[in-house]
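**Student:** Structure for the following, please:
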Amino acid sequence: MSTSSLLDRGARVVATMSAAVAATTILLLSWLRAEHVTDDRGSDSSEKAFMVILAIALGGAVSAAAVAFVASKTALFQ
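**Tutor:** Sure, this is the predicted structure:
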């Protein structure tokens, strides 16, 4: 190996290690910050009920669209 390839490899190792240290630092800081989160959204039961109803309606609409799509494609082959 030549000296320049060793220096290039060393630079890559240093860059990789510094990126790993930065990522670990960010991870630890975000984890520590998440330990003290207060929930101030005030979500009550009526909001949750609305979301459940919305999810059921959306699921029904997607199911109906899927059935209509499959029926239209199978009708082509009859």
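**Student:** C-alpha from now on. contacts and neighbour counts both.
**Tutor:** Fine.
**Student:** how about whichever strand or helix holds residue 29: buried residues?
**Tutor:** For residue 29, the enclosing helix or strand under DSSP states H and E is helix 3-34. The neighbour-count check on helix 3-34 (16 or more other CA atoms under 10 Å) flags nothing as buried.
**Student:** continuing past it, what's the next helix or strand?
**Tutor:** The helix or strand immediately downstream of helix 3-34 is helix 45-75, counting by DSSP H and E.
**Student:** Show the average pLDDT along that next one.
**Tutor:** On average, the pLDDT along helix 45-75 is 88.
**Student:** start at 824 instead
**Tutor:** Noted, 824 is the first residue going forward, which turns the last one into helix 868-898.
**Student:** so how far is it off the chain centroid?
**Tutor:** 23 Å (CA atoms, centre = their mean, to the nearest Å).
**Student:** for stretch 836-851, same thing?
**Tutor:** Centroid displacement of stretch 836-851 relative to its chain, using CA atoms, centre = their mean, is 22 Å.
**Student:** domain parsing for the chain?
**Tutor:** The chain resolves into domains spanning 824-860, 868-901 when parsed by automatic domain parsing.
**Student:** how far out from the middle of the chain is the last one?
**Tutor:** Using CA atoms, centre = their mean, the mean C-alpha position of domain 868-901 is found 24 Å from that of the whole chain.
**Student:** same deal with the first one?
**Tutor:** Taking CA atoms, centre = their mean, one finds the center of domain 824-860 at 23 Å from the center of the full chain.
**Student:** So what's the model's average confidence on that domain?
**Tutor:** Taken as a whole, domain 824-860 has a mean pLDDT of 76.
**Student:** Distance-wise, check residue 850 relative to residue 842.
**Tutor:** Residue 850 sits 12 Å away from residue 842, going by CA to CA, to the nearest Å.
**Student:** Likewise for residue 873?
**Tutor:** Going from residue 873 to residue 842 by CA to CA gives 44 Å.
**Student:** Kindly report the same for residue 855.
**Tutor:** Distance from residue 855 to residue 842, by CA to CA: 20 Å.
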